[in-house]
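Trainee: coordinates only, no sequence provided:
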């Protein structure tokens, strides 16, 4: 039986390579791990930005008659661009000229991304209505921020873990009965 030595030789040749393949790669450089900065607010978790992007996206989906794929992509693009605009509005709050320039740059980015997603007719409709959408977004951002301020004053959030809120003091009545043994 000459097959047994042949299989034994194949096994001896294949065994070291199989063992080497199972070992972790130690010679390569470690891959960099992205560490999230916990001190900065995550834009995905900011409900104000999400609501602003969703409001704009809903209007655009309705106006441009988008299908599900296009609507999903548009919502993703708008979420990114609205987050950038919000950061720019905070950064350039005291210099409206720079804010306008940076906002136009973000608008050009949105235009390029939407050109890939939308059909020619839809993109033409979008391009014609860009100023209207920008104004629509600015109006919503202004009204949303004032509504949030009013809501936070009318319904203050708990300031401690036991759900205590700042508000008018309650009137309490004291029990006039003695509490101890008599």
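Mentor: That came through fine. Just so we're clear, the structure is a prediction, and the values are computed from it rather than from any experiment.
Trainee: list the buried ones in the helix or strand hosting residue 87?
Mentor: In this assignment (DSSP states H and E), residue 87 forms part of helix 68-91. Buried positions in helix 68-91, judged by neighbour count with 16 or more other C-beta atoms under 10 Å: 70-71, 73-75, 77-86, 88. (C-beta placed from N, C-alpha, C; glycine too.)
Trainee: what is it packed up against?
Mentor: On a contact count with 3 or more C-beta pairs under 8 Å, 6 or more residues apart in numbering; DSSP states H and E, helix 68-91 meets helix 47-64, helix 96-117, helix 130-154.
Trainee: of the ones you listed, which stretch is the most buried?
Mentor: Across those, the average number of neighbours (mean count of other C-beta atoms under 10 Å) peaks for helix 47-64, which reaches a mean of 17.
Trainee: and that one, what other elements does it pack with?
Mentor: The elements that helix 47-64 packs onto, with contact taken as 3+ C-beta pairs under 8 Å, 6+ apart, are helix 68-91, helix 120-128, helix 130-154.
Trainee: redo these as JSON lines? Include mean pLDDT.
Mentor: Supplementary listing: the helices and strands packed on helix 47-64 in JSON lines, determined by pLDDT from 0 to 100:
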{"stretch": "helix 68-91", "mean pLDDT": "93"}
{"stretch": "helix 120-128", "mean pLDDT": "94"}
{"stretch": "helix 130-154", "mean pLDDT": "77"}
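Trainee: mind listing what residue 106 touches?
Mentor: Contact analysis of residue 106 by C-beta atoms under 8 Å, 6 or more residues apart in numbering lists 81, 84-85, 88.
Trainee: tell me the two of these that are most distant?
Mentor: 81 and 88 (10.3 Å; C-beta to C-beta).
Trainee: quick one: the closest residue to residue 86 other than its chain neighbours and residue 128, what's the gap?
Mentor: In this structure, residue 86 finds its nearest non-sequential neighbour in residue 49, 5.3 Å apart by C-beta to C-beta, 6 or more residues apart in numbering. As for residue 49, its distance to residue 128 is 27 Å (criterion: C-beta to C-beta, to the nearest Å).
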